[in-house]
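Visitor: Take this sequence and fold it.
(one chain, ligands or ions: 2)
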Amino acid sequence: MAIRLGCIADDFTGATDLANNLVRAGMRVVQLIDVPQGGTEEAMDAEAVVIALKSRTVPAADAVEASLRALARLRSAGAEQIYFKYCSTFDSTPAGNIGPVTEALMDALGTDFTIATPAFPDNGRTVFKGHLFVGDVLLSESGMRHHPLTPMTDSNLVSVLGAQTTRTVGLVDHTVVAGGVPAIRARIDDLREDGFGMAVVDAVSNDDLLRLGAAVQGLPLVTAGSGLAIGLPANWGFKPSPAAAQLPAPGGHAAVVSGSVSVATNRQVLEFLRGGRPAFSVDPLRVAAGDDVAGEALAFAESHLDDGPVLVYSTESPDTVRAVQGRLGAAEAGELVERTLARVAQGLVELGVRRLVVAGGETSGAVVQALGITGLRIGPQIDPGVPWCAATLPGGDTLHITLKSGNFGAPDFFTSSFALLDRETS
Ligand SMILES: Nc1ncnc2c1ncn2[C@@H]1O[C@H](COP(=O)(O)OP(=O)(O)OP(=O)(O)O)[C@@H](O)[C@H]1O
Ligand SMILES: O=C(O)[C@@H](O)C(=O)CO
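Guide: Residues are numbered from 1 along each chain as shown. Ligands and ions are numbered 1, 2, ... in the order given. Take a look at the predicted model:
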């Protein structure tokens, strides 16, 4: 059967976040890591396919190239609508990659209009008058202003997106969205006629997203955070179903690898340390100096796995991260830490870890690729936007893994996630 919805996610945690919302809204979903290389028809046997890219912070031309490859694969599998998923905090820079990728997808699909909304009210992301709020504060006042790779210092998404694209960007504001499906469609028609190529859409509640989902039925391309996903499956008649989230029983040791430097992750690490649990801190400056920090982390983990979960983390406060970046360069520091944590994750799996929490989108990308994982089955939700997943390791074993977005999850996530997995699979 041809797939209905073809999704391209710009990072790996974002991909599971999107898949999670689609599963909860009743679709059978397959998440693939990177663009599959043929011979994967069976793997694409689902109602929605999410292709997870690591394209958020690479050069725009590379992000466009990877996204177009993903698009071609999804179209050849019959996708009726394409969903470009980016971060609910609109992580990007004036060089992209949200604007350039959207534009390239529009050109390839031959469509003159699409929408953009990172709104995800279940996680406190709302858009009003084109301005993005994170919880109670504007994006530019949230922790995102200190992000190491994509600092967000402007909350006005019409101008943020406008700076990244040659298309004119308009707004579908909340009065229109509250007016329901006909009002949204009429506004889109007007914007189109007036030559706008994209429009940021306000949404402050799930009801707004449900209305918007129905209104964009038939648009060849939608772009959004994961929130819009709650409103699309009903367009094909799918209804929420708990049966979609079954995973096999887990086994093996438990560990957490955290390269996220977000506010929520800092809190989660602190909570874990406060509980007196085993944790090893990865210092990027020592890695840069040539010390075998990954080896030390694995030796530490090996002696503590029986009292797991064990945490290996590079998570630090914005000031500490800035100091490291000042010494090593932001991109270089990021890559160095990602490579180290990916090696640690490989070693942990060799030591028998079969339940793994990874925190941070870029970090998850590096870890999942290093582990040779090519696809994920989506399981039960731990917190909004974060499901447990199951993957088959190259040797054939099952790894239960969750990819936690930096700013998602309750403060006790690094322990409560394992408790939930036991509960849900026992
Ligand atoms: N102590 C550190 N010093 C400098 N850079 C670091 C440090 N720890 C992590 N990093 C880098 O910062 C980046 C963090 O990005 P990542 O996407 O993994 O987490 P996040 O931005 O908090 O989460 P998300 O993208 O899911 O919101 C990575 O490139 C990581 O390697
Ligand atoms: O949308 C979000 O906030 C997340 O799915 C994400 O993309 C973080 O990397």
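
Visitor: Could you list the low-pLDDT ranges of this structure?
Guide: For the chain, the stretches with pLDDT under 70 are 1, 38-43, 242-244.

Visitor: so who does the closest residue to ligand 2 within the stretch 1-150 of the chain touch?
Guide: The stretch 1-150 of the chain approaches ligand 2 most closely through G14 (2.8 Å), counting by C-beta to the nearest ligand atom. Backbone N, C-alpha and C define where each C-beta goes, glycine included. The contact partners of G14, by C-beta atoms under 8 Å, 6 or more residues apart in numbering, come to A52, R56, K85, Y86, C87, G225, S226, G361, S405.

Visitor: make it 6 Å
Guide: G14 sits next to K85, C87 when contact means C-beta atoms under 6 Å, 6 or more residues apart in numbering.

Visitor: Same question for the one 5 residues further on.
Guide: With contact set as C-beta under 6 Å, 6+ apart, A19 has these partners: V29, Q31, V50, I378.

Visitor: how far away is P100 from F90?
Guide: Distance, P100 to F90, by C-beta to C-beta, to the nearest Å: 14 Å.

Visitor: quick one: which of the two has more around it?
Guide: Between P100 and F90, counted using other C-beta atoms under 10 Å, F90 has the larger neighbour count: 24 against 20.

Visitor: Wait, the more buried one touches P118, no?
Guide: Yes. At 4.8 Å, F90 and P118 qualify as touching, with contact defined as C-beta atoms under 6 Å.

Visitor: in stretch 384-396, what counts as buried?
Guide: P384, G385, V386, P387, W388, C389, A390, A391 (16 or more other C-beta atoms under 10 Å).

Visitor: Residues of this structure that sit close to ligand 2?
Guide: The chain comes close to ligand 2 at residues D11, T13, G14, D17, C87, S88, T89, G225, S226, G361, G385, S405, as judged by C-beta under 6 Å from any ligand atom.

Visitor: what are the phi and psi values for the fifth one?
Guide: Its backbone dihedrals place C87 at phi -80, psi 150, with angles given as degrees, to the nearest 10.

Visitor: what's it in contact with, if anything?
Guide: Counting by C-beta under 6 Å, 6+ apart, C87 makes contact with G14.

Visitor: before we move on, what about the second one?
Guide: Under the criterion of C-beta under 6 Å, 6+ apart, the neighbours of T13 are G361, S364, L403, S405.

Visitor: Wait, a helix at R145?
Guide: Yes. Membership of R145 in a helix is supported by DSSP: H, G, I helix; E, B strand; the rest coil.

Visitor: Thought L139 was touching it, still the case?
Guide: No. The criterion here is C-beta under 6 Å, and R145 misses it with L139 at 7.9 Å.

Visitor: quick one: which of these two has more around it?
Guide: L139 (25 against 15).

Visitor: For ligand 2, give me its nearest residue in the stretch 201-350 of the chain.
Guide: Closest point on the stretch 201-350 of the chain to ligand 2, by C-beta to the nearest ligand atom, is G225, at 4.3 Å.

Visitor: Distance-wise, check that residue relative to D10.
Guide: With C-beta to C-beta as the criterion, G225 and D10 are 11 Å apart.

Visitor: Next to ligand 1, which bits of this protein? Give me the list.
Guide: So far as C-beta under 6 Å from any ligand atom goes, the chain lies against ligand 1 at 13, 147-149, 259-262, 265, 284, 314, 316, 321, 324-325, 333-334, 337-338, 360-363, 405-407.

Visitor: so of those residues, which ones are in helices?
Guide: Per DSSP state H, helices hold the following members of those: 13, 265, 284, 321, 324-325, 333-334, 337-338, 361-363.

Visitor: show me where the stretch 101-250 of the chain has strands.
Guide: Secondary structure of the stretch 101-250 of the chain, counting by DSSP state E, counting those that start in this stretch: strands at 114-117, 125-128, 131-134, 137-138, 169-172, 198-201, 221-224.

Visitor: Nearest residue to G308 in space, please, no chain neighbours.
Guide: Among residues not flanking G308 along the chain, A254 sits closest, at 4.5 Å (C-beta to C-beta, 6 or more residues apart in numbering).

Visitor: Show me the domain layout of this structure.
Guide: Annotated domains of the chain cover 5-241, 246-425 [automatic domain parsing].

Visitor: Burial check on G231, number of neighbours?
Guide: Look at G231: counted by other C-beta under 10 Å, it has 25 neighbours.

Visitor: residues in contact with it?
Guide: Residues near G231 by C-beta under 6 Å, 6+ apart: L209, L210, L212, G213.

Visitor: try A199
Guide: Contacts of A199 (C-beta under 6 Å, 6+ apart): I115, G170, V172, L191.

Visitor: ditto for P250
Guide: Here P250 is in contact with R355, H400, L421, T425 (criterion: C-beta under 6 Å, 6+ apart).

Visitor: so which of the ones in helices among the residues of the chain next to ligand 1 comes closest to L351?
Guide: Closest to L351 out of those is T363 (19.0 Å), distances taken as C-beta to C-beta.

Visitor: What is the longest strand of the protein by residue count?
Guide: strand 375-383 (DSSP state E).

Visitor: Between strand 375-383 and the helix or strand following that one, find me the angle.
Guide: Counting by DSSP states H and E, the next helix or strand C-terminal to strand 375-383 is strand 386-392. Put simply, strand 386-392 runs at 150 degrees to strand 375-383, going by axes from the mean of the first three to the mean of the last three C-alpha atoms, to 10 degrees.

Visitor: which of the contacts of P250 tops the neighbour count?
Guide: Neighbour-wise, those (other C-beta under 10 Å) top out at H400, 26 neighbours.

Visitor: Surely it is within a strand?
Guide: Yes. Counting by three-state DSSP, H400 is found in a strand.

Visitor: my guess is it meets R355, correct?
Guide: Yes. The pair H400 / R355 is scored as a contact, 4.8 Å apart, by C-beta under 6 Å.

Visitor: and the closest residue to L328 other than its chain neighbours, how many neighbours does it have?
Guide: Spatial nearest neighbour of L328, chain neighbours left out: A288 (5.6 Å); criterion: C-beta to C-beta, 6+ apart. A288: 17 surrounding residues under other C-beta under 10 Å.

Visitor: which ones are touching V64?
Guide: With C-beta under 6 Å, 6+ apart, V64 has these contacts: P100, V101, A104.
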